[in-house]
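>>> 3D model of this:
(2 chains)
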2 protein chains.
Amino acid sequence: MTEATSTQVQLAARPTGWPTADTFRTVQVTYGDLEPGQVRVVNEFVSVDPYMRGRMNDVKSYVPPFALDETMTGAAVGRVVESRSDDVEVGALVQHQYGWRDVVQEDARGFQVLPEIPGAPSSLYLGILGMTGLTAYVGLTAIADLREGDTVFVSGAAGAVGTAVGQIARLLGASRVIGSAGSPEKVELLTGRYGYDAAFNYKDASVREQLRDVTPDGVDLFFDNVGGDHLEAALDRMNTGGRVALCGAISQYNDTERSPGPDNLANATTRSLTLRGFTLGGYLDHAPRFRELMTGWFSDGRIAYDETVVDGIENAPQAFLDMMRGGNIGKMVVRTGA
Amino acid sequence: MTEATSTQVQLAARPTGWPTADTFRTVQVTYGDLEPGQVRVVNEFVSVDPYMRGRMNDVKSYVPPFALDETMTGAAVGRVVESRSDDVEVGALVQHQYGWRDVVQEDARGFQVLPEIPGAPSSLYLGILGMTGLTAYVGLTAIADLREGDTVFVSGAAGAVGTAVGQIARLLGASRVIGSAGSPEKVELLTGRYGYDAAFNYKDASVREQLRDVTPDGVDLFFDNVGGDHLEAALDRMNTGGRVALCGAISQYNDTERSPGPDNLANATTRSLTLRGFTLGGYLDHAPRFRELMTGWFSDGRIAYDETVVDGIENAPQAFLDMMRGGNIGKMVVRTGA
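Numbers count the residues shown, from 1 in each chain, chains lettered A, B, ... in the order given. Here you go, the predicted structure:
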């Protein structure tokens, strides 16, 4: 048994608009000897995710807000280095929600031992093999009822969820996959490595026009991570009976005023569209089937991925902000270096 | 066999914004002797409906636009006065889509013989016993998945579809029904004759505030006939897992510019909401079950109704405009007087 020092990032103030240097604070915490039932985990990777912006506000939502002056919670993966639990062994790779810290010490029940897939870096359990991949899978299947032959449009397609959506859609039978992203490099990646049939840079020209040009036969399923002009553009192109999974609206999370919605929502009536929002919490029963499918695809080498890795837990705030500005390709993770 | 003169209202010009006196023209048509297979029908009632505004525009939609310089089509009921068809007898009450005219003469296949419900005025087959009632039923059940105990909010609740929605919702198990309407008389009618638990006049104050005041436990199902501020207000009050049937947006049909959508559509994601638009065409297979249920309810005296009747087929344009401005209570119909 030993003491351990943990570097942790706390929420110091609730931001208005974009978070700033004052929003977060880095602290050192010293853990003493383990209590019975506890484990000590050294984190390898910590996740930064768009939904965290909403939790920085003090408003009622589907998850409670982050507590002020407490360490930011969220997904992380690490190795157990000490254990006083019969259920969790030293050396196990675990996932948990203790968030932005390099070392964590808590009751073993707060940690989930991961069934490791051979050849998979541990960071992927925060990404395509974890909640991110599951979000893509649930959105396509349970929410938007993906059908063989669908034309699928994904906004924010080079992001963590987006890169998963395009691949899973294709593996499940979509005939045409189209994506938007925010740089020429990302667009090239989508049509190259990720096999998109078409992609465009939403910063180049109006999304409405660009989407129209690449969807001569319309869109059957839209997986929206962006909101705003992307949703409006997609509603113009949806085919009758089309389905929209409203997963996120990253374009608006830092707005200080409410943005108007799409000016063509009436299309939902005339074209019999279904728009369905979701957060993953209500769909965790899909995890076993997803894990089975994804393990197979991954082991067969059918899954591509990118990660954007930032080093140092003290850089988690900057990683979060970079991700919100689209600085990532694929999943953004923080390598703790602990 | 005789000749017959028919007064008919044609679309003379495509309106921009609100239709005017120049939009329509009344003509006299003379029908000669019946051809084999034809019937002659004297209309009793002709329907004016909100969806007709969309068909006056020359845009692709779920139904083709009305043809210029042709008689306005739409639902009507009448009696067969002459027949050269073996399938349709003189005296039969029939429904058809030949629209704004007092006499019609066409092939018998264009007419549907109505199974008359004892005690029901023929106008009701254009309203609560017909497509209007079916629209309410389909929207509540197939589209918005009405559940026992739901709190239901109906916009435009004193209109044709609205009066049907409130009653059917209650008969199918809703525990609380709330409506909006555009006059104190309508509000009183809703909480009186139609048994709404609460109702408000949307012209009195902001819909957002008024709806909040009467929905302390939120809304599970929203049946929207109005759009605009009503949809926005409802999205604020929807409970997690709530369902929205997007039936119409009468507040916007005469807009010359596109109106922005709701500023809180992000609630769809955080609260796992489903918004589903529909037009009746895809759901006609629900008609037999609806007819069975509604015939029972009506015969048991459990269905209230109002109609706003305008006399004279030449007044159909004015009836249509009055309906679009909310001048009707319940279904607006034109009595041909032929």
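>>> Show me what the stretch of helix or strand A:T135 belongs to is packed against.
Here A:T135 sits within helix A:131-138, counting by DSSP states H and E. Judged by 3 or more CB pairs under 8 Å, 6 or more residues apart in numbering or on different chains; DSSP states H and E, helix A:131-138 is in contact with helix A:160-171, helix A:287-299. Yep, even glycine has a C-beta here, placed from its N, CA and C like the rest.
>>> moving C-terminal of the first one, what's the next helix or strand?
Just to be clear, that refers to helix A:160-171. As the chain continues past helix A:160-171, the following element, by DSSP H and E, is strand A:176-181.
>>> Between helix A:160-171 and that following strand, find me the angle.
170 degrees (axes from the mean of the first three to the mean of the last three CA atoms, to 10 degrees).
>>> Run through who's touching the helix or strand A:V187 falls within.
If you go by DSSP H and E, A:V187 is part of helix A:184-191. For helix A:184-191, contacts defined as CB atoms under 8 Å, 6 or more residues apart in numbering or on different chains pick out A:157-158, A:166, A:179, A:181, A:196-201, A:306, A:329.
>>> Can you narrow those residues down to the ones near chain B?
Checked against chain B using CB under 8 Å from any CB of the partner chain, the contacts of helix A:184-191 give no members in range.
>>> Please flag which of those sit within strands.
A:179, A:181, A:198-201 (DSSP state E).
>>> Dump those to a markdown table, plus pLDDT and neighbour count.
Shown next, in a markdown table, are the ones in strands among the contacts of helix A:184-191 (pLDDT from 0 to 100; neighbours: other CB atoms under 10 Å in any protein chain shown):
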| residue | pLDDT | neighbour count |
| --- | --- | --- |
| A:G179 | 98 | 29 |
| A:A181 | 96 | 27 |
| A:A198 | 97 | 18 |
| A:A199 | 98 | 24 |
| A:F200 | 98 | 21 |
| A:N201 | 98 | 16 |
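>>> Out of these, which comes closest to chain B?
Chain B lies nearest to A:G179 out of the ones in strands among the contacts of helix A:184-191, by CB to the nearest CB, at 19.6 Å.
>>> Write down the beta-bridge partners of the closest one, one by one.
Beta bridges link A:G179 to A:V154, A:A199 when assigned by DSSP bridges.
>>> residue contacts, it?
Contacts of A:G179 by CB under 8 Å, 6+ apart are A:153-155, A:157-158, A:162, A:166, A:190, A:194, A:196, A:198-199.
>>> residues near A:V113, how many?
If you count neighbours by other CB atoms under 10 Å in any protein chain shown, A:V113 ends up with 14.
>>> For the residue of the stretch 151-300 of chain A found nearest chain B, which non-adjacent residue is closest in space?
Nearest residue of the stretch 151-300 of chain A to chain B (CB to the nearest CB) works out as A:G261 at 2.7 Å. Closest residue to A:G261 apart from its sequence neighbours, by CB to CB, 6 or more residues apart in numbering or on different chains: B:G261 at 2.7 Å.
>>> any idea which of the helices and strands packed on helix A:131-138 is most buried?
Mean neighbours per residue, mean count of other CB atoms under 10 Å in any protein chain shown, is largest over the helices and strands packed on helix A:131-138 for helix A:160-171, with a mean of 27.
>>> Tell me the pLDDT of the residue nearest to A:A287 when sequence neighbours are not counted.
Closest residue to A:A287 apart from its sequence neighbours, by CB to CB, 6+ apart: A:L134 at 5.8 Å. Per-residue pLDDT puts A:L134 at 96.
>>> what's the answer for A:E209, then?
Reported pLDDT for A:E209: 97.
>>> Repeat that for A:I250.
Looking at A:I250, its pLDDT stands at 75.
>>> Run a quick neighbour tally on it.
24.
>>> A:G227 is in contact with that one, correct?
Yes - the pair A:I250 / A:G227 is scored as a contact, 7.2 Å apart, by CB atoms under 8 Å.
>>> re the thing from before, show me which residues of the helix holding A:V187 are buried.
For helix A:184-191, the neighbour count (16 or more other CB atoms under 10 Å in any protein chain shown) marks A:186-187, A:189-190 as buried.
>>> A:S175: what's it in contact with?
Contacts here follow CB under 8 Å, 6+ apart; on that basis A:S175 touches A:148-151.
>>> Show me how far the helix holding A:V187 is from its chain's centre.
Relative to its chain's centre, helix A:184-191 lies at 19 Å (CA atoms, centre = their mean, to the nearest Å).
>>> That one vs strand A:176-181, what angle?
160 degrees.
>>> what is the rounded mean pLDDT of helix A:184-191?
96.
>>> The residue nearest to A:R176 when sequence neighbours are not counted - how many residues pack around it?
Nearest non-adjacent residue to A:R176, counting by CB to CB, 6+ apart: A:T151, 4.3 Å away. A:T151 is flanked by 22 other residues according to other CB under 10 Å.
>>> Dihedrals phi and psi, A:A157?
phi -70, psi -20 (degrees, to the nearest 10).
>>> Identify the residues contacting it.
Residues in contact with A:A157 (CB under 8 Å, 6+ apart) are A:163, A:165-166, A:179-181, A:186, A:190, A:194, A:196, A:199.
>>> Repeat that for A:E70.
A:10-11.
>>> let's go with 10 Å and repeat that
Residues in contact with A:E70 (CB atoms under 10 Å, 6 or more residues apart in numbering or on different chains) are A:8, A:10-11, A:99.
>>> cool, A:A319 as well?
Applying CB under 10 Å, 6+ apart, the residues near A:A319 are A:46-48, A:100, A:308-313, A:327-328, A:332-335.
>>> For PyMOL, write the selection for the buried entries among those.
Per 16+ other CB under 10 Å, the buried members of the contacts of A:A319 correspond to this PyMOL selection:
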select buried, chain A and resi 46+47+48+100+308+310+312+313+328+332+333+334+335
